[in-house]
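Chemist: Below is the structure, and that's it, no one-letter string:
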């Protein structure tokens, strides 16, 4: 029982990380049809700069972590907006060019980060509570999992409120369904594109800082590793569906944890098999719109 | 919003060409839409009526000259054209199925004083369904939402594409009633296959064939000439096309 609880809550924590990356990917694809391979770079730069800011002000404390998170969110949003305004905006409807450019950005970004911070992971100090455990039903759960789950729940709730209660949220929901018709109602949908990049970048930025808490280090490859699983989650959840991304994040991460424990470390393989099964049986994903 | 001077067309289209995926779908189309009443854009299936409407709005690649009340709009993006008072009711309605009726209407509101009372009086059924998702409505109700989205703002021109397509006869009458009412508020360029509806609503017609204009004139002149109706539209009489 204690193993089940540990795997489940660890899976939820990892799922929270996946969701923070996948939420932006899903919204960006849903509204603009852009598969943004540079999303991992937003996460990594936010993790590095968040860590740099946090450690300089108050290393290994809650204050330092809060500053890291704030800087990470701002950096993620800023870099995402700059990417959209300077590069992606010129390439709307040109999907191959978008993929090539965003892949190029992600590769160049890793090289840049390695040049600045080196190729080895840099281990980070965390508040003491996050390095401890809490016992639940006999399982000793690392406390950082609770932080991750709480942050992802807050982000999910915040995005849902934004989408449901604001005019821009309404435009984005309509745009995900039919952006040409939104334009035909006299709305400049491109402003929403920038906003969605900012939201996605901010979530990825927070994800970067929390990933450094979860893994205990920052590295130039942090974003690349999480991006792969975030894409898998986005496809399984249904491209463009925030709810789908949330459900698939939990499903994929929990499955990964259980497979790693019970099937001899085959978590990644099982996730890829699940992806293949979803693509074959339900290509639009769990909650994506029909083609 | 200032209106056009007397006799000046609200919409003037000159040498309009439209392309979809590199293929020419509108070819050298020129016509005027008067500042009052309903002008029907007719032609057989596939001649480019919908593409002409989309070209005017900039929804597809186009070249040529399009003027709204004398002002060129052919270089403006779609949302700017709509903001200048050109409302669009697309073929197949294109309501946002995951949004409620109220959200569909709220999204369309661009004026400070949207005409909610007019919409409520024209489409009382929608008032009762405000919180229903538009995707769960019948085809006729979805058409009402699509028309309501256009009529909720003050417009200088309505572009209405096949509003009665696929609807039951009773609903066709309701849609025609709504369009007749709408025509009191703004001129309409109407794409319509149902010639009974055209006869009821339109004062003028523009007929396209192979992407070009082959007839412009009073609606009755065309509809009373069975040879022309047969030649241009491929039907023998209005009931056949209804």
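Modeler: Received, thanks. Just so it is clear, the model here is predicted, and its values are computed rather than measured. Numbers count the residues shown, from 1 in each chain, chains lettered A, B, ... in the order given.

Chemist: how about the residues of the stretch 51-200 of chain A that lie near chain B?
Modeler: A:167, A:170-171, A:173-174, A:177-178, A:180-189 (CB under 8 Å from any CB of the partner chain). (Glycine included, C-beta is placed from N, CA and C.)

Chemist: List, one by one, the residues from chain B near chain A.
Modeler: B:57, B:59, B:77-79, B:82-83, B:88, B:90, B:94, B:96-99, B:103, B:106-108, B:110, B:149, B:153.

Chemist: try 6 Å
Modeler: In this structure, chain B approaches chain A at residues B:78-79, B:82-83, B:88, B:94, B:96, B:98, B:103, B:107-108, B:110, judged by CB under 6 Å from any CB of the partner chain.

Chemist: Need the buried ones from the residues of the stretch 51-200 of chain A next to chain B selected in ChimeraX.
Modeler: One line in ChimeraX is enough to select the buried members of those, burial here meaning 16 or more other CB atoms under 10 Å in any protein chain shown:
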select /A:170,171,173,174,177,178,181,182,183,184,185,186,187,189
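
Chemist: For the residues of chain B next to chain A, please prepare TSV with the additional fields pLDDT, secondary structure and neighbour count.
Modeler: Shown next, in TSV, are those (pLDDT from 0 to 100; DSSP: H, G, I helix; E, B strand; the rest coil; neighbours: other CB atoms under 10 Å in any protein chain shown):
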residue	pLDDT	secondary structure	neighbour count
B:78	97	helix	24
B:79	96	helix	21
B:82	97	helix	25
B:83	96	helix	16
B:88	97	strand	27
B:94	95	coil	20
B:96	96	coil	26
B:98	92	coil	14
B:103	97	helix	19
B:107	96	helix	23
B:108	96	helix	28
B:110	89	coil	17
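
Chemist: The residue of chain B found nearest chain A - nearest residue in space that isn't next to it in sequence?
Modeler: Among all residues of chain B, residue B:82 sits closest to chain A, at 3.5 Å; criterion: CB to the nearest CB. Distances taken as CB to CB, 6 or more residues apart in numbering or on different chains put residue A:186 closest to residue B:82, at 3.5 Å, once the chain neighbours are dropped.

Chemist: ok, of the residues of chain B next to chain A, which one's closest to residue A:240?
Modeler: residue B:98 (10.6 Å; CB to CB).

Chemist: Contact partners for the closest one?
Modeler: residue A:177 (CB atoms under 6 Å, 6 or more residues apart in numbering or on different chains).

Chemist: likewise residue A:97?
Modeler: Applying CB under 6 Å, 6+ apart, we find residue A:97 in contact with residue A:91.

Chemist: Tell me if I'm right that residue B:91 and residue B:50 touch.
Modeler: Yes: Residue B:91 is in contact with residue B:50 according to CB atoms under 6 Å; the separation is 5.4 Å.

Chemist: who has more neighbours, those two?
Modeler: When residue B:91 and residue B:50 are compared for neighbours, residue B:50 comes out ahead with 20 against 16, by other CB atoms under 10 Å in any protein chain shown.

Chemist: Touching the host helix or strand of the more buried one from outside, list them.
Modeler: Per DSSP states H and E, residue B:50 falls inside helix B:49-57. The contact list for helix B:49-57, computed with CB under 6 Å, 6+ apart, reads B:16, B:18, B:25-26, B:29, B:41, B:43, B:60, B:62, B:66, B:78, B:81, B:88, B:91, B:159, B:161, B:191, B:208.

Chemist: cool, and stretch A:23-35?
Modeler: A:36, A:39, A:98-99, A:172, A:175-176, A:193, A:196, A:200, A:203-204, A:230, A:234, A:239-240, A:245.

Chemist: Any buried residues in that stretch, and which?
Modeler: Across stretch A:23-35, burial judged by 16+ other CB under 10 Å covers A:23-32, A:34-35.

Chemist: gap between that stretch and the chain center?
Modeler: How far stretch A:23-35 lies from its chain's middle: 12 Å, per CA atoms, centre = their mean, to the nearest Å.

Chemist: do stretch B:219-227 as well
Modeler: Worked out by CA atoms, centre = their mean, stretch B:219-227 lies 21 Å from the chain centre.

Chemist: If you average the pLDDT over that stretch, what comes out?
Modeler: Stretch B:219-227 carries an average pLDDT of 92.

Chemist: got the residue ranges for the strands in chain B?
Modeler: In chain B, the segments counted as strands under DSSP state E are B:11-20, B:23-33, B:38-42, B:61-68, B:71-72, B:86-89, B:157-161, B:188-191, B:204-209, B:212-218.

Chemist: Can I get those in a markdown table including distance to residue B:170?
Modeler: Supplementary listing: the strands of chain B in a markdown table, determined by distance: least, CB to CB, whole Å:
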| stretch | distance to residue B:170 |
| --- | --- |
| strand B:11-20 | 32 |
| strand B:23-33 | 29 |
| strand B:38-42 | 21 |
| strand B:61-68 | 35 |
| strand B:71-72 | 40 |
| strand B:86-89 | 20 |
| strand B:157-161 | 19 |
| strand B:188-191 | 20 |
| strand B:204-209 | 26 |
| strand B:212-218 | 29 |
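
Chemist: closest to residue A:116 out of those?
Modeler: Among these, the nearest to residue A:116 by CB to CB is strand B:61-68 (44.1 Å).

Chemist: avg pLDDT for that closest one?
Modeler: For strand B:61-68, the per-residue pLDDT averages 96.

Chemist: Flag every buried residue along that strand.
Modeler: Of the residues in strand B:61-68, B:62, B:64, B:66-68 count as buried by neighbour count, 16+ other CB under 10 Å.

Chemist: and if you look at stretch A:251-262?
Modeler: The neighbour-count check on stretch A:251-262 (16+ other CB under 10 Å) flags A:251-260 as buried.

Chemist: what's the span of stretch A:81-101 from first residue to last?
Modeler: End-to-end distance of stretch A:81-101: 15 Å, with CA to CA, to the nearest Å as the criterion.

Chemist: those strands in chain A, which residues are they?
Modeler: All strands of chain A, identified by DSSP E, fall at A:122-123, A:133-136, A:139-142, A:217-218.

Chemist: dump the residue contacts of the residue in the stretch 101-250 of chain A positioned nearest to chain B.
Modeler: Nearest residue of the stretch 101-250 of chain A to chain B: residue A:186, at 3.5 Å (CB to the nearest CB). Contacts of residue A:186 were listed using CB under 6 Å, 6+ apart, and they are B:79, B:82-83, B:110.

Chemist: So what touches the longest helix along chain B?
Modeler: For chain B, the longest helix by residue count, based on DSSP state H, is helix B:169-183. Outside helix B:169-183, the residues within contact range by CB under 6 Å, 6+ apart are B:38, B:122, B:140, B:143, B:147, B:151, B:163-164, B:197, B:200-201.

Chemist: Put together a markdown table for the residues you listed, with pLDDT on each row.
Modeler: Shown next, in a markdown table, are these (pLDDT from 0 to 100):
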| residue | pLDDT |
| --- | --- |
| B:38 | 97 |
| B:122 | 91 |
| B:140 | 92 |
| B:143 | 95 |
| B:147 | 96 |
| B:151 | 95 |
| B:163 | 95 |
| B:164 | 94 |
| B:197 | 95 |
| B:200 | 95 |
| B:201 | 96 |
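
Chemist: Low-confidence bits of chain B, can you list those?
Modeler: Along chain B, the model assigns pLDDT under 70 to residues B:1-6, B:236-242.

Chemist: ah, wrong one, I meant chain A
Modeler: Looking at chain A by pLDDT under 70, you get A:289-291.

Chemist: Show me the helices in it, by range?
Modeler: A:2-32, A:39-58, A:62-86, A:95-117, A:144-165, A:167-183, A:189-215, A:222-237, A:242-262, A:267-281.

Chemist: Adding distance to residue B:216, write the ones you listed out as JSON lines.
Modeler: Converted to JSON lines, those look like this (distance: least, CB to CB, whole Å):
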{"stretch": "helix A:2-32", "distance to residue B:216": "41"}
{"stretch": "helix A:39-58", "distance to residue B:216": "53"}
{"stretch": "helix A:62-86", "distance to residue B:216": "46"}
{"stretch": "helix A:95-117", "distance to residue B:216": "41"}
{"stretch": "helix A:144-165", "distance to residue B:216": "47"}
{"stretch": "helix A:167-183", "distance to residue B:216": "29"}
{"stretch": "helix A:189-215", "distance to residue B:216": "35"}
{"stretch": "helix A:222-237", "distance to residue B:216": "52"}
{"stretch": "helix A:242-262", "distance to residue B:216": "50"}
{"stretch": "helix A:267-281", "distance to residue B:216": "53"}
